[in-house]
Each structure stands twice: as structure tokens, then as C-alpha cells.
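>>> fold the following for me, if possible:
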Amino acid sequence: MPYVIQTIDKPGSAEVRAKARAAHLEYLTQKKDLLLAAGAVVDDDGTGGHGGVLIVDTDDRAEAERFIAEDPFTKAGLFEKVTVTRWRKAFFNKERLV
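As a prediction, this is how the structure comes out:
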């Protein structure tokens, strides 16, 4: 059963996000076999970036926690808050699973 990782950036951290973004995207690319989905939380007009959602395909909480701990955004001190929560798929890839 996967884990959802939700992050919230520290206020006023747009510059930190911008500087670490390339390394973050490369990290996610290297770890893409573990990702069901990932993306930034943005404003309604599509601008910004003030947090994120990652769905990690693992049954191991420690692996999910390691995944976010090793993320360049985490290492850069971008996040104010990170939550790691078990997620049960009910609908996925346009299919009903329950």
C-alpha cells in the first residue's frame, strides 16, 4: 500500500525552491520507479509552487521517509512541514479498485 508525502514550503522560500529545483527533478527522475505520481502544489493560475505531493509505491514507511529525507528540497531546508501517510487506492488510473 503506497504512501502519500505532502510538503508545505516555508514562507518566503521561493528562492530556495528555485535553486534546488533542478537537483530535485533529477532526484525524482533517478527514483521514478518508486513514484506513482509527484508534483508541485501551485496557485489556481498555475504559478508559484509552495509545496508538493508525492505518492511513493512502497509498503515500507521507513523507505517512504528515507525517500523524502534524501530529496534535495529537504536537504536545502525548503519545507516547513512534511507528512507521510499510508494511502489505500480506491480509484487509480481511471479504474475502480474497490
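>>> distance from the element among helices and strands of the chain having the smallest mean pLDDT to the middle of the chain?
Least confident element among the helices and strands of the chain, by mean pLDDT, DSSP states H and E: strand 91-92 (a mean of 90). Mean-position distance between strand 91-92 and its chain equals 19 Å (C-alpha atoms, centre = their mean, to the nearest Å).
>>> what lies in contact with the helix or strand following that strand?
Scanning forward in sequence from strand 91-92 by DSSP states H and E, the next helix or strand is strand 95-96. The contact list for strand 95-96 (C-beta atoms under 8 Å, 6 or more residues apart in numbering) reads Ala90. Glycine gets a C-beta too; all of them are placed from N, C-alpha and C.
>>> pairing partners for strand 95-96, with directions?
Sheet pairing of strand 95-96 (DSSP bridges) gives strand 91-92 (antiparallel).
>>> for the partner strand, which outside residues touch it?
36, 97.
>>> ends of stretch 84-96, what's the gap?
One end of stretch 84-96 to the other measures 24 Å (C-alpha to C-alpha, to the nearest Å).
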